[in-house]
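**Student:** I would like to see how this sequence folds:
(one chain, ligands or ions: 2)
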Amino acid sequence: MNFGVCYYPEHWPEKRWESDALMMVEAGIEIVRIAEFAWAQIEPEAGRYQWSWLDRAINLLGKAGLRVMLGTPTAAPPIWLTRNHPDILRIDAGGQRRDHGTRRHYCPNSSTYHRHSQEIVSAMAQRYGTHPFVFGWQIDNEWGGGHTARCYCYNCVTAFQAWLKDRYGDIANLNDAWGTLFWSQSYMDWSQIHLPDQSIDKPNPSHILDFYRFSSDSYVAYQRLQIDLVRQYAPEHVVTTNFMGLYRDLDQFALATDLDFVTWDSYPTGNLDRWQKHLYLKQDELDASEHQFAYDVGDPYITGMAHALTYGLKGRPFWVMEQQAGAINWGSVNPGIRPGTTRLWTWHALAEGADTTVYFRWRSTLFAQEQYHSGLLQHDGSAGFGLADLALLRGEQQQLADIARQPNEADVALIFDFEDLWALEIQPHRSDYSYLKHLFVYYRACQRLGIQVDIIPKSGELNKYSLVLAPTLHIADEELAHTLKQYVIDGGHLLLGVRSGFKTANNLVTDQPFPGLLRLLIGATVRSWQSLPEQFGWDLSTNIAGLNGPATYWLEVLKPDSASVRALASYSSGPYSGQAALIENSLNNGKIYYHGWYPTDPQARAVIGHLVDKLGFSRIGDLPRGLIARKRGDAIILLNFTDVIQTANITGLPIKVPPRDVTVVNSLVSES
Ligand code: GLA
Ligand code: ZN
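**Tutor:** Ligands and ions are numbered 1, 2, ... in the order given. Below you'll find the model as predicted:
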């Protein structure tokens, strides 16, 4: 595991830099990320570059023994650019133009902004592309952060029209694809199409989905424009950017394609605060017998799923580019973190496949927006708890490095698709429904069962996995149906869940019986589907151990069409009593399961536990809430996110893990 830190030399008197650099080295830090918001200091006026301070900072850091990652500073355009070219400013969905004084206020489709971005990126890459102390680049900062994924300005209107023309060729095709017969929406010409108006009634869902796709493509193209220049002038350097974990508005798989490796910014206490409502339902409320997470650690399942998604973007080790190392300033409450928590988070990142952790930030700022945000050093320059944890981690460096080299393998894959996510966000059909919640139920089940799970895209390599979980394949086309069938014929096991196969790529409902193009694969028809208020539910009749009703929230009723189909669970009360709720179909050597209701935590655990036991692959063992276990090679890393001692039964041996602590056991030793 390599350690790094985010540093803002421009925020501190130059005479302080040297002691900062020495303290960083002393703390075991090797990497320093700088300059990602320093455009105004680098180019204070159009075309007048001021390199000397940055040269001195890089040289000083480099001579101290640190390797520098530079940020391209495009997340924060300088005032001359903003004032001379107001056409670069983004406009929010409500028509509000963002202004200078914050960040990310630019439009990703402004040709003026593209030109100026190319100039600053070329200038920086030419100057530092072969610099001995610089080794890599972060492009921009947090694409889409602060709700900026979708811009509603006029640049975007014309770019969207061109994007549509490219996609559909003929306006008649677009009218068909969007179903514009409805409500007199038909278009005669590309120039008549605007961005979906969110202000009155619901816009057309096909129009919205295309706008979301277009917005994502816009950032992919803008990122590529920068990457091409960096690679041209810095051919030996690595290129990455910092994502935001479970962030939904841009297709992270598409953005990852052009990068050498990916990173994300992990703020566990803030992410609990921000994501909880998007990831849990009322029915997921804590069982009285389960442990609370400690107040200062966040939700390890949220953090873990974000790590897993980031790993899955390229199926390769990733970095945490900004690791929380103290209190943050942007949660609705911001607990101070105790000694030990930064170490726990760092171990968690490692266990999930990170090979580098960069802490945010070196020292708390004395001014501007983030005054209340902690750093490794406190405002007065004294060490915070995060720095003390880094000393502990340094003592464990050999063990961390050994584990980082171990394979990160999983038997189970969970399919994640941003277009499915968007289509369901556009038409959730019940206000608390979300794609992420649905995936998260199954993710949590795998964690509690001690099963390693990889997150992969729809186009991922399914054959690597004995079991593929696809909670919702909402949009299905022939190619997907064919790929899934082949996977199963080759011996794979596939679990599909509710709302699969419902839509076409244009976000129209399939004209086939549900689940549309996936119906032959599952060997059954979804005869009815509905969402139920949680106080109602239908009982289940099943032989699967631990699987009890009621089934509620979202229910589908299945009718087997083929003799190869077996019902593993049926509804035993309600209007569809006696009809199938969970089925298994066999195809050659493989099996497909269709899980016809949206499960609670215990139900998801029972179903997945049943499949895994049948498949016979090993799992680490049942884990209590708040105890995370990951296998890397022969090592099993146990992480306790609660304030009580937790016990894991690993291959028959009880292993005690102290509160907010890590225990590593060798799986081979514990077996013997
Ligand atoms: C984000 C940004 C940083 C900083 C931190 C604060 O992750 O990338 O610049 O604002 O949040 O938590
Ligand atoms: Zn725009």
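**Student:** Show the backbone phi and psi for the residue of the stretch 151-300 of the chain found nearest ligand 1.
**Tutor:** Closest approach between the stretch 151-300 of the chain and ligand 1, counting by Cβ to the nearest ligand atom: residue 265, at 3.9 Å. Every residue, glycine included, has its C-beta placed from N, CA and C. The phi/psi pair for residue 265 (degrees, to the nearest 10) reads phi -100, psi 110.
**Student:** Shouldn't residue 487 be within a helix?
**Tutor:** Yes. Under DSSP: H, G, I helix; E, B strand; the rest coil, residue 487 sits within a helix.
**Student:** And for it, nearest residue in space, chain neighbours not counted?
**Tutor:** Spatial nearest neighbour of residue 487, excluding adjacent residues (Cβ to Cβ, 6 or more residues apart in numbering): residue 462 at 4.3 Å.
**Student:** So what's the residue count around that neighbour?
**Tutor:** For residue 462, the neighbour count with other Cβ atoms under 10 Å is 20.
**Student:** ok, now which ones touch it?
**Tutor:** For residue 462, the contact set (Cβ atoms under 8 Å, 6 or more residues apart in numbering) comprises 413, 456, 468, 483-484, 487, 492.
**Student:** Kindly recompute the last result at 10 Å.
**Tutor:** 413, 415, 456, 468, 470, 483-484, 486-488, 490, 492, 494 (Cβ atoms under 10 Å, 6 or more residues apart in numbering).
**Student:** Also residue 106?
**Tutor:** Residue 106 makes contacts with 74-77, 81-82, 85, 88-90, 98, 112-114, 116-117, 140, 148, 151, 153, 222, as judged by Cβ under 10 Å, 6+ apart.
**Student:** Tell me the one among the contacts of residue 462 nearest to ligand 1.
**Tutor:** Nearest to ligand 1 among the contacts of residue 462: residue 456, at 25.6 Å, using Cβ to the nearest ligand atom.
**Student:** Do I have it right that that closest one meets residue 312?
**Tutor:** Yes. With contacts counted by Cβ atoms under 10 Å, residue 456 reaches residue 312, the gap being 5.5 Å.
**Student:** who touches both of the two?
**Tutor:** Common contact partners of residue 456 and residue 312 (Cβ under 10 Å, 6+ apart): 253, 410, 413-416.
**Student:** Going through those, which ones are buried?
**Tutor:** 253, 410, 413-416 (16 or more other Cβ atoms under 10 Å).
**Student:** I'd like the residues you listed as TSV, with secondary structure appended.
**Tutor:** Putting those into TSV (three-state DSSP) gives the following:
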residue	secondary structure
253	helix
410	coil
413	strand
414	strand
415	strand
416	coil
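**Student:** Reformat these as a markdown table; add pLDDT and distance to residue 660.
**Tutor:** Shown next, in a markdown table, are those (pLDDT from 0 to 100; distance: Cβ to Cβ, whole Å):
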| residue | pLDDT | distance to residue 660 |
| --- | --- | --- |
| 253 | 98 | 33 |
| 410 | 96 | 26 |
| 413 | 98 | 30 |
| 414 | 98 | 27 |
| 415 | 98 | 33 |
| 416 | 98 | 29 |
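**Student:** on that earlier part again, and which of the shared contacts of residue 456 and residue 312 is nearest to residue 403?
**Tutor:** Using Cβ to Cβ, the shortest approach to residue 403 within those belongs to residue 410, at 16.0 Å.
**Student:** List, one by one, the residues from this structure near ligand 2.
**Tutor:** Residues of the chain lying near ligand 2 by Cβ under 5 Å from the ion: 107, 109, 151, 153, 155-156.
**Student:** my guess is residue 147 contacts residue 92, does it?
**Tutor:** Yes. Applying Cβ under 10 Å, one finds residue 147 in contact with residue 92, separated by 7.4 Å.
**Student:** neighbour count winner among those two?
**Tutor:** Remark: of residue 147 and residue 92, residue 92 carries more neighbours, 15 against 10, as counted by other Cβ under 10 Å.
**Student:** Could you pull up the residues touching that one?
**Tutor:** By Cβ under 10 Å, 6+ apart, residue 92 lies in contact with 98, 105, 147-148, 150-153.
**Student:** Now the buried members of those residues.
**Tutor:** 98, 105, 148, 150-153.
**Student:** In contact with the closest residue to residue 125 other than its chain neighbours, which residues?
**Tutor:** Nearest residue to residue 125, sequence neighbours excluded (Cβ to Cβ, 6+ apart): residue 233, at 3.6 Å. Contact partners of residue 233, counting by Cβ under 10 Å, 6+ apart, are 121-130.
**Student:** what would these look like in CSV with secondary structure?
**Tutor:** Below are these laid out as CSV (three-state DSSP):
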residue, secondary structure
121, helix
122, helix
123, helix
124, helix
125, helix
126, helix
127, helix
128, helix
129, coil
130, coil
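**Student:** Highest neighbour count among those?
**Tutor:** Busiest of these [other Cβ under 10 Å] is residue 124, holding 28 neighbours.
**Student:** surely that one meets residue 51?
**Tutor:** Yes. With contact defined as Cβ under 10 Å, residue 124 counts as touching residue 51 (9.0 Å).
**Student:** Report the set of residues contacting both of the two.
**Tutor:** In contact with both residue 124 and residue 51: 42-43, using Cβ under 10 Å, 6+ apart.
**Student:** Would you mind measuring from residue 275 to residue 348?
**Tutor:** For residue 275, the distance to residue 348 equals 16 Å [Cβ to Cβ, to the nearest Å].
**Student:** Likewise for residue 93?
**Tutor:** Residue 93 sits 35 Å away from residue 348, going by Cβ to Cβ.
**Student:** now do residue 172
**Tutor:** To residue 348, residue 172 is 53 Å away according to Cβ to Cβ.
**Student:** Between the two, which is the more surrounded one?
**Tutor:** Each of residue 172 and residue 348 has its neighbours counted (other Cβ under 10 Å); residue 348 has more, 25 against 12.
**Student:** surely that one meets residue 304?
**Tutor:** Yes. At 7.0 Å, residue 348 counts as touching residue 304 under the criterion of Cβ under 10 Å.
**Student:** Contact partners for residue 18?
**Tutor:** Residue 18 neighbours (Cβ under 10 Å, 6+ apart): 60-61, 63-64.
**Student:** Now list the buried members of these.
**Tutor:** Taking 16+ other Cβ under 10 Å as the criterion, what is buried in the contacts of residue 18 is 60-61, 64.
**Student:** quick one: which of those is nearest residue 355?
**Tutor:** The nearest member of these to residue 355, counting by Cβ to Cβ, is residue 61 at 21.3 Å.
**Student:** Alright, that wraps it up for me.
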